[in-house]
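Sharing a sequence plus its predicted fold:
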Amino acid sequence: MLDASLPSLPHDAPPSRVGNFPGKLLGLAYRLAGAHRYDRLRIERVLDLPLVVMPSVANPKVLRTGAFFASRIDGRLVAADAAVLDMGTGSGVCALFAARHARRVVAVDINPEAVRCATVNALMNRLDARIDIRQGDLFAPVGDERFDLVLFNPPFIFGTPKDARDAAWRSSDLPQRFAAGLDARLRPGGAALVLLSSFGDACPRYEAELRARGFRLELFARRRYVNETVTILRGARAAKPWTPRARSG
């Protein structure tokens with residue numbers, strides 16, 4: 001468990017000896033180098049799943065976080081009778097991995113192009129019968145439905161998005177709204193997995209807002225790159241500690 005006395009994610013040890021500032025410059029260069037892959041249709045593969053990535057949709061391989069998150073979704077995490085919500089689904093990569101195990105997955109994105117992209121990928125991988133893909137802002141498309149597991153790879157940067165594509169990167173109030181609405185969307189014993197990165201100034205706020213709402217946070221998985229540390233936190237109100245413990249690599 002991440003005790004409140006422990007340093008939060010942004011104050012964790014730097015990913016490597018290059019330090020935080022050069023690392024962020026490397027991260028920016030990495031993203032710019034892959035920028036052309038946002039503006040044309042691409043075919044990618046995450047583990048054994050092929051993916052179509054449409055223009056304006058976050059590429060889970062270029063940005064690494066989507067592929068890392070999806071690689072941690074398996075039958076140990078997702079029960080056969082589970083209902084899963086994939087928030088900010090993008091290409092649908094996490095929803096696809098969850099749908100291999102769950103009874104039902106709802107995938108939501110504010111970007112209409114991401115909804116189309118995730119729909120194509122669900123059909124292509126023959127998982128469309130288990131995935132319900134909806135367009136809208138945060139929890140609005142799910143009404144009063146509740147889930148056993150909520151997955152969220154959120155925008156990492158504070159600011160007003162310029163367009164639907166930029167909404168994958170930037171938000172002014174999502175940490176507060178996500179934390180405020182999460183409890184009402186979880187079934188008893190349910191939990192959320194939230195992916196955070198040392199790249200971006202919004203990530204500490206997600207952690208702080210969830211703690212303020214009474215969620216206990218545990219480290220589910222972490223990966224250190226040269227220029228970035230990516231952490232998946234598990235948030236729940238359950239009284240018992242959750243196992244298995246954090247996985248790295």
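The structure has been received and is ready for your questions. Just so you know, these numbers come straight off a predicted model, no measurement behind them.

Please make it C-alpha for all contacts and neighbour counts, starting now.
Noted.

List the residues that contact Val115.
Neighbour list for Val115: 89-91, 108-109, 133-135 [criterion: CA atoms under 8 Å, 6 or more residues apart in numbering].

gap between it and Phe156?
According to CA to CA, to the nearest Å, Val115 stands 20 Å off from Phe156.

Double-check Gly235 against Arg216; I have them as touching.
Yes. Gly235 is within contact range of Arg216, at 5.5 Å (criterion: CA atoms under 8 Å).

shared neighbours of these two, anything?
The contact sets of Gly235 and Arg216 overlap at Leu210 (CA under 8 Å, 6+ apart).

who has more neighbours, the two?
Neighbours per residue (other CA atoms under 10 Å) separate Gly235 from Arg216, with Gly235 holding more: 25 against 21.

The more buried one: which element?
Gly235 is part of strand 229-236 when elements are defined by DSSP states H and E.

Let's see which of the contacts of Val115 end up in strands.
In strands, defined here by DSSP state E, the members of those are 108-109, 133-135.

which pair in those spans the largest distance?
Across the ones in strands among the contacts of Val115, no pair lies farther apart than Asp109 and Ile133, at 8.2 Å, counting by CA to CA.

Counting neighbours, go ahead and name the busier of the two.
Set side by side, Asp109 and Ile133 show more neighbours around Asp109, with 28 against 23, by other CA under 10 Å.

quick one: the closest residue to that one other than its chain neighbours from Leu174, how far?
Leaving aside its sequence neighbours, Asp109 sits nearest to Gly88 (CA to CA, 6 or more residues apart in numbering; 4.5 Å). Separation of Gly88 from Leu174 (CA to CA): 11 Å.

Looking at the two, which one has more neighbours?
Neighbour count, other CA under 10 Å: between Gly88 and Leu174, Gly88 has more, with 27 against 19.

Show me the strands in the chain, by range?
Using DSSP E, the strands found in the chain span residues 42-46, 49-53, 83-87, 104-109, 131-135, 147-152, 157-158, 170-171, 186-197, 216-224, 229-236, 247-248.

Take these and lay them out in a markdown table including mean pLDDT and distance to Gly66.
Below are the strands of the chain laid out as a markdown table (pLDDT from 0 to 100; distance: least, CA to CA, whole Å):
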| stretch | mean pLDDT | distance to Gly66 |
| --- | --- | --- |
| strand 42-46 | 90 | 9 |
| strand 49-53 | 94 | 12 |
| strand 83-87 | 97 | 12 |
| strand 104-109 | 97 | 14 |
| strand 131-135 | 98 | 17 |
| strand 147-152 | 98 | 10 |
| strand 157-158 | 80 | 16 |
| strand 170-171 | 78 | 16 |
| strand 186-197 | 95 | 9 |
| strand 216-224 | 94 | 13 |
| strand 229-236 | 94 | 11 |
| strand 247-248 | 54 | 16 |
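
quick one: which of those strands is nearest Asn125?
Nearest to Asn125, of the strands of the chain and by CA to CA, is strand 49-53 at 7.5 Å.

so what does the closest one touch, helix or strand wise?
Applying 3 or more CA pairs under 8 Å, 6 or more residues apart in numbering; DSSP states H and E, we find strand 49-53 packed against strand 42-46, helix 112-124.

hey, what's the closest residue in space to Arg72 that isn't next to it in sequence bridged with?
Counting by CA to CA, 6+ apart, Ala221 is the residue found nearest to Arg72 once chain neighbours are left out, at 7.8 Å. Counting by DSSP bridges, Ala221 is bridged to Ile232, Arg247.

Good, we can wrap up now.
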